[in-house]
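Visitor: Okay, sequence plus prediction incoming.
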Amino acid sequence: MSELTLPTPTTASPEASSAQVLATYRRHLSRGRARLASLTGAAMEVASEGSRVWDAEAKEYLDCGGYGVFLLGHRHPRVVEAVIEQIQRHPMATRLLLEPTAATAAAALASVTPPGLERVHFVNSGAEATETAIKLARAHGRHRLISAIGGYHGKTTGALAVTAKPLYQDPFRPLLPAEHVLYGDVDALANALATGGPACVILEPMQGEGGAVLPPPGYLTRVQQLCTEHGAFFVLDEIQTGLGRLGTWWGADTEGIRPDVLLVGKNLSGGVIPVAAAVATTEAYAPFDKDPFLHTSTFAGSPVAMAAAAAAVAAIRDEGLVDRARTLGEELLSRLRDALAPLYGHTVVDIRGRGLLLGIEMRDEQAAGELVLNLLEAGLLVNHSLNAQRVVRLTPPAVLTAADLDWISRAFTSAASVLTRSTASRKGTR
């Protein structure tokens, strides 16, 4: 991999440069995004490696965000090398001839999925993987859609129908009809399946954008049993949780289940090239086997994306990152609880998670926003949760070092101190 050239402050004003980029965002990209950037000083990320990101002023950040993409960190050498080699040889395919890189990537992914999930359909994004699963379900006559409140499955039209949040759905109605049940409530799902026609059930093994929500033990097993009893098509969305994020290869592994379709994304990219997939049983995949042109995309399964996917799976396996995610997650959860102990029970409601998908539930959205900004000031990147904006979410890489863990502890200790003063100040002005 080429040596990383770190940014250095130029003689030109960084503020002017930021102002130019902000103006371009307002004119060509998103005025709303520009407003949000203004809150954080309009910092611009321009370089990355491992667990670190640098802005245009050479400030170094530890990345515990990225919405779950960077389990391997940034610019993992094995993935970058595979992508560069593929670009130099054959980056895009004609789609007329067989493409060996796709075959290699499919075999690599199928080698680590739960037994029986062997048929791979590559796409470009997690939302497209959801669309693929919905179309497979409809091809099998399962036209009813059932998902969980708080679930997140993407924002394309079909995926949006099962992303149960009115904020995202209302401007685009009418959507595909879908029913939403309480996550973790087996009885609610049983009642929904018992009424109406054959259904497609789409759930996450742990809700990510819903606020790092874990289901009760045995929930996934019971969901699979109910789907079998009622002839429902079972789709498990592991776009965020899969490929080691939870300290197991898949959330499905915690209870040994096998859905009809498993959705994969984020970590499949290796943090380098966007790629996702729907991995199905032979029976579930039959409609696509019968007609290879029934559901296609020009850019899906491109050789350069397939090189990234195959290299990412190999790196996660060979470097033992699944086990490392589990042990790092346990250590990090303990450190977060220690650092935020002064706020627990009032400003901080709960700290939870599994593996390297962790959530800090705050008293209100204002406190969550303050925590994100305080951590940013301390050089730590985290995310809010799209479906639970009181929850600050961490999805750090599995390549964190002991020094990185110390950095996280210091950042949260500092943020807790600032929040304590801020809370006291607000109380004093009442």
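Guide: Cool, got the structure. Residues are numbered from 1 along each chain as shown.

Visitor: Could you check stretch 276-290 and say which residues are buried?
Guide: 276-281, 284-285, 287-288 (16 or more other C-beta atoms under 10 Å). Just so you know, the C-beta spots here come from the backbone N, C-alpha and C atoms, and that holds for glycine as well.

Visitor: May I have it as PDB, with CA atoms only?
Guide: The C-alpha coordinates for stretch 276-290 follow below in PDB (Å, rounded to 0.1, in the frame of the first residue of the first chain):
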ATOM      1  CA  ALA A 276     -23.500  -5.300  -0.300                       C
ATOM      2  CA  ALA A 277     -25.200  -8.700  -0.900                       C
ATOM      3  CA  ALA A 278     -28.300 -10.800  -0.300                       C
ATOM      4  CA  VAL A 279     -27.300 -14.400   0.500                       C
ATOM      5  CA  ALA A 280     -30.100 -16.900   0.200                       C
ATOM      6  CA  THR A 281     -31.000 -20.600   0.500                       C
ATOM      7  CA  THR A 282     -31.200 -22.500  -2.700                       C
ATOM      8  CA  GLU A 283     -35.000 -22.700  -2.400                       C
ATOM      9  CA  ALA A 284     -35.400 -19.000  -1.700                       C
ATOM     10  CA  TYR A 285     -33.100 -18.100  -4.600                       C
ATOM     11  CA  ALA A 286     -34.900 -20.300  -7.100                       C
ATOM     12  CA  PRO A 287     -36.600 -17.400  -9.000                       C
ATOM     13  CA  PHE A 288     -33.300 -15.700  -9.700                       C
ATOM     14  CA  ASP A 289     -31.700 -19.100 -10.700                       C
ATOM     15  CA  LYS A 290     -34.500 -19.600 -13.200                       C
END
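
Visitor: who's in contact with it?
Guide: Contact with stretch 276-290 is made by 109-110, 113, 116-126, 128-129, 132-133, 136, 139-140, 233, 239, 258, 260-266, 268, 294-295, 309, as judged by C-beta atoms under 8 Å, 6 or more residues apart in numbering.

Visitor: Type out the PyMOL command that picks the buried ones from the residues you listed.
Guide: Those of these that count as buried under 16+ other C-beta under 10 Å are selected in PyMOL with:
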select buried, resi 109+113+117+118+119+120+121+122+123+124+125+126+128+129+132+133+136+139+140+233+239+258+260+261+262+263+264+265+266+268+295+309
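
Visitor: What's the end-to-end length of stretch 99-119?
Guide: 16 Å (C-alpha to C-alpha, to the nearest Å).

Visitor: now, which of the contacts of stretch 276-290 lie within helices?
Guide: Mapping the contacts of stretch 276-290 onto helices (DSSP state H) picks out 109-110, 126, 128-129, 132-133, 136, 139, 309.

Visitor: Take those and write them to a markdown table, including pLDDT.
Guide: Compiled in a markdown table, the ones in helices among the contacts of stretch 276-290 are given as follows (pLDDT from 0 to 100):
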| residue | pLDDT |
| --- | --- |
| Leu109 | 98 |
| Ala110 | 98 |
| Gly126 | 98 |
| Glu128 | 98 |
| Ala129 | 98 |
| Thr132 | 98 |
| Ala133 | 98 |
| Leu136 | 98 |
| Ala139 | 97 |
| Ala309 | 98 |
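
Visitor: mind checking pLDDT for the most centrally placed residue in the chain?
Guide: Central residue of the chain (C-alpha atoms, centre = their mean): Gln240, 3.4 Å from the mean position. pLDDT, Gln240: 98.

Visitor: on that earlier part again, so can I have a markdown table of the buried residues of stretch 276-290 showing pLDDT, secondary structure and distance to Ser414?
Guide: Output for these, formatted as a markdown table (pLDDT from 0 to 100; DSSP: H, G, I helix; E, B strand; the rest coil; distance: C-beta to C-beta, whole Å):
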| residue | pLDDT | secondary structure | distance to Ser414 |
| --- | --- | --- | --- |
| Ala276 | 98 | strand | 36 |
| Ala277 | 98 | strand | 40 |
| Ala278 | 98 | strand | 43 |
| Val279 | 98 | strand | 42 |
| Ala280 | 98 | strand | 47 |
| Thr281 | 98 | coil | 49 |
| Ala284 | 98 | helix | 49 |
| Tyr285 | 98 | helix | 51 |
| Pro287 | 97 | helix | 55 |
| Phe288 | 96 | helix | 52 |
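
Visitor: These: which two are farthest apart?
Guide: Ala276 and Pro287 (19.5 Å; C-beta to C-beta).

Visitor: quick one: Leu182 and Ile149 touch, right?
Guide: Yes: contact between Leu182 and Ile149 holds when scored by C-beta atoms under 8 Å: they sit 5.7 Å apart.

Visitor: between these two, which one's more packed in?
Guide: Neighbours were counted for Leu182 and for Ile149 using other C-beta atoms under 10 Å; Ile149 has more, 16 against 12.

Visitor: What separation do you get for the more buried one and Trp249?
Guide: Look at Ile149 and Trp249: by C-beta to C-beta, to the nearest Å, they are 27 Å apart.

Visitor: Ala190 and Gly271, how far apart?
Guide: 39 Å.

Visitor: The two - which one has more neighbours?
Guide: Gly271 (22 against 16).

Visitor: quick one, what contacts the more buried one?
Guide: Residues in contact with Gly271 (C-beta under 8 Å, 6+ apart) are 66, 69-76, 79, 312.

Visitor: switch the cut-off to 10 Å
Guide: Neighbouring residues of Gly271 by C-beta atoms under 10 Å, 6 or more residues apart in numbering: 48, 63, 66, 69-76, 79-80, 308, 312, 397.

Visitor: Likewise for Leu176?
Guide: 134, 138, 143-145, 157-162.

Visitor: Any chance of the backbone angles for it?
Guide: phi -60, psi 140 (degrees, to the nearest 10).

Visitor: Could you chop the chain up by domain?
Guide: Using automatic domain parsing, the domain ranges for the chain come out as 43-74+320-428, 77-318.

Visitor: So for His28, which of the ones you listed sits nearest?
Guide: domain 43-74+320-428 (15.6 Å).

Visitor: Phe318 - how many residues pack around it?
Guide: You called it Phe, but residue 318 is Asp. Neighbours around Asp318, by other C-beta under 10 Å: 9.

Visitor: Am I right that it is in contact with Ala108?
Guide: No: the criterion here is C-beta atoms under 10 Å, and Asp318 misses it with Ala108 at 11.4 Å.

Visitor: Looking at the contacts of Gly271, state which has the most neighbours.
Guide: Leu71 (31 neighbours).

Visitor: mind listing what's buried in the lengthiest helix in the chain?
Guide: Secondary structure of the chain per DSSP H: the longest helix is helix 402-428. Buried residues in helix 402-428, counted by 16+ other C-beta under 10 Å: 404-405, 407-409, 411-416, 418-419, 423.

Visitor: and those residues as TSV, adding distance to Thr327 and pLDDT?
Guide: Formatted as TSV, those follow (distance: C-beta to C-beta, whole Å; pLDDT from 0 to 100):
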residue	distance to Thr327	pLDDT
Asp404	14	98
Leu405	11	98
Trp407	18	98
Ile408	15	98
Ser409	16	98
Ala411	21	97
Phe412	19	98
Thr413	22	97
Ser414	25	96
Ala415	24	95
Ala416	24	95
Val418	30	93
Leu419	29	93
Thr423	34	71
